[in-house]
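**Q** sharing a model prediction with you, sequence too.
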Amino acid sequence: MNQKMTRQKKLTDFVTFLSKQPNGFTYRDEKQAPPKARALQTLSCKYVNCQECPLAKQGRKQVVFGNGNSNALLMFVGEGPGKDEDEQGVPFIGRAGQLLTKIIEAMGLKREEVYISNVVKCRPPENRAPLPIESNTCKDLLLLKEIDIIKPQIICTLGATATQALLGEDTKLGKTRGIFTSFKGILVLPTYHPAYLLRNPAEKKTVWEDMKKIMEKLKEMGPK
């Protein structure tokens, strides 16, 4: 591919990326954006039309990239986008996302202060769990790179899929929930997914105990 065609493809990908952003999205010139935000922006532009796993051809409307503070101390990782997220292009904005936002605010934080992402960035059909080939592909292409760029102090994995993506496929959420472990030198605390809490409201108390552990740990660690 010659340089002219390469430039045209980059422009087309960027225009497509902009067209799929939610209302109110503001683009900041890469040269003006902070380094981490610039790196995340470059990463998302590269995969705006990703065709690397089967989910690309199974009815998704768009790739739903992570969202939030590129300098976040705390990062949440869920399973994958649902119907609302697929339509609006923002992670965790449906009922489960609204609950997550309330949890974040109860922690004394704002949603824009943390970073929220998913293992897979495309909606699985009928909201099924991602298949291993889908999870592993998207994790390697995007999630691990997001983590490397942001370098949060703590990652909170939401549900079994996210926990297994970072801690190993044999990891059992029932045994690791609420316990800090390490992934590439970053503390990881698994807990239940907000969608699970909508089905099992009694477990909200359990998740809140996990969030208090994160709050205490962040206080101990202090700013970056």
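**A** Nice, I can see it. Numbers count the residues shown, from 1 in each chain.
**Q** next SSE downstream of the helix or strand harbouring residue 155?
**A** Using DSSP states H and E, residue 155 falls within strand 154-158. Using DSSP H and E, the helix or strand that follows strand 154-158 in sequence is helix 160-167.
**Q** distance of the residue nearest to residue 58 when sequence neighbours are not counted from residue 89?
**A** Spatial nearest neighbour of residue 58, excluding adjacent residues (CB to CB, 6 or more residues apart in numbering): residue 125 at 5.1 Å. For every residue, glycine as well, the C-beta is placed using N, CA and C. According to CB to CB, to the nearest Å, residue 125 stands 18 Å off from residue 89.
**Q** these two: which is more packed in?
**A** Using other CB atoms under 10 Å as the criterion, residue 125 and residue 89 rank with residue 89 on top: 20 against 10.
**Q** from residue 66, how far off is the more buried one?
**A** 11 Å.
**Q** which residue ranges of the protein form helices?
**A** Ranges of helices in the chain, per DSSP state H, are 3-19, 35-46, 83-88, 95-106, 132-138, 144-150, 160-167, 173-176, 194-199, 204-221.
**Q** give me the number of residues near residue 70?
**A** Neighbours of residue 70 under the rule other CB under 10 Å: 19.
**Q** dump the residue contacts of the closest residue to it other than its chain neighbours.
**A** Residue nearest to residue 70 in three dimensions, not counting chain neighbours: residue 36, with 3.8 Å by CB to CB, 6+ apart. Counting by CB atoms under 8 Å, 6 or more residues apart in numbering, residue 36 makes contact with 70-71, 149-150.
**Q** want to throw these into JSON lines with distance to residue 129 and pLDDT?
**A** JSON lines is the format used below for those (distance: CB to CB, whole Å; pLDDT from 0 to 100):
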{"residue": "70", "distance to residue 129": "29", "pLDDT": "97"}
{"residue": "71", "distance to residue 129": "31", "pLDDT": "97"}
{"residue": "149", "distance to residue 129": "26", "pLDDT": "98"}
{"residue": "150", "distance to residue 129": "25", "pLDDT": "98"}
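**Q** just the buried members of those?
**A** Among these, those classed as buried by 16 or more other CB atoms under 10 Å are 70-71, 149-150.
**Q** now for the residues you listed: which two are most distant?
**A** 71 and 149 (10.0 Å; CB to CB).
**Q** burial count for residue 157?
**A** A total of 29 residues lie near residue 157 under the criterion other CB under 10 Å.
**Q** er, residue 129 I mean
**A** By other CB under 10 Å, neighbour count at residue 129 equals 15.
**Q** now it: how far from residue 80?
**A** For residue 129, the distance to residue 80 - CB to CB - is 8 Å.
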